[in-house]
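Peer 1: Curious how this folds, go ahead:
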Amino acid sequence: MAYEQLIKEFKKAKPIGNSDLDIQPRYAAIALFLSLLLITSALITANSKKSFPLKFITYTFLSAGGSLFFGLGAIYLANSVGVYI
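Peer 2: Here you go, the predicted structure:
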């Protein structure tokens, strides 16, 4: 495939996804902040004086949400930094 044809196809192609590279560092910062907030809340819940089943369920959901946001933040951070390296 010639370079000129490749450039033409690149310019004709529709973008995949809905997040621009300029916004990804902002998404990463927000996701990492939310993960820190949720994981801290889970640790505070673990040391509370509530009943064990309620504490366990609350801790499970908070830590799962924190892990989810941490994974999303890591992906967005890797995408935004990896493009420029």
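
Peer 1: going forward, measure contacts and count neighbours with C-alpha atoms only.
Peer 2: OK.

Peer 1: Without its sequence neighbours, what residue ends up closest to the one residue sitting closest to the centre of the chain?
Peer 2: Nearest to the mean C-alpha position of the chain, by CA atoms, centre = their mean, lies Leu72 at 1.7 Å. Of all residues not flanking Leu72 in the chain, Ala31 sits nearest, at 6.5 Å (CA to CA, 6 or more residues apart in numbering).

Peer 1: Please report the distance of Lys12 from Leu32.
Peer 2: From Lys12 over to Leu32 the distance is 35 Å, taken as CA to CA, to the nearest Å.

Peer 1: Looking at the two, which one has more neighbours?
Peer 2: Leu32 (23 against 9; other CA atoms under 10 Å).

Peer 1: From Arg26, how far off is that one?
Peer 2: From Leu32 over to Arg26 (counting by CA to CA), the distance is 10 Å.

Peer 1: on that earlier part again, report pLDDT for the residue nearest to Leu72.
Peer 2: Listed pLDDT for Ala31 reads 95.

Peer 1: so it is in which element?
Peer 2: Counting by DSSP states H and E, the element that carries Ala31 is helix 24-46.

Peer 1: What is the burial count for Lys14?
Peer 2: So Lys14, with other CA under 10 Å, has 8 neighbours.

Peer 1: Give me the phi and psi angles of Asp22.
Peer 2: As for Asp22, its main-chain torsions (degrees, to the nearest 10) stand at phi -70, psi -30.

Peer 1: Contacts only, for it.
Peer 2: By CA atoms under 8 Å, 6 or more residues apart in numbering, the residues touching Asp22 are Ser80.

Peer 1: Ok, the one 5 residues further on next?
Peer 2: Taking CA under 8 Å, 6+ apart as the criterion, Tyr27 is in contact with 73, 76.

Peer 1: Test for you: state the pLDDT assigned to it.
Peer 2: 90.

Peer 1: how close does it sit to Leu38?
Peer 2: Here Tyr27 is placed at a distance of 16 Å from Leu38 (CA to CA).
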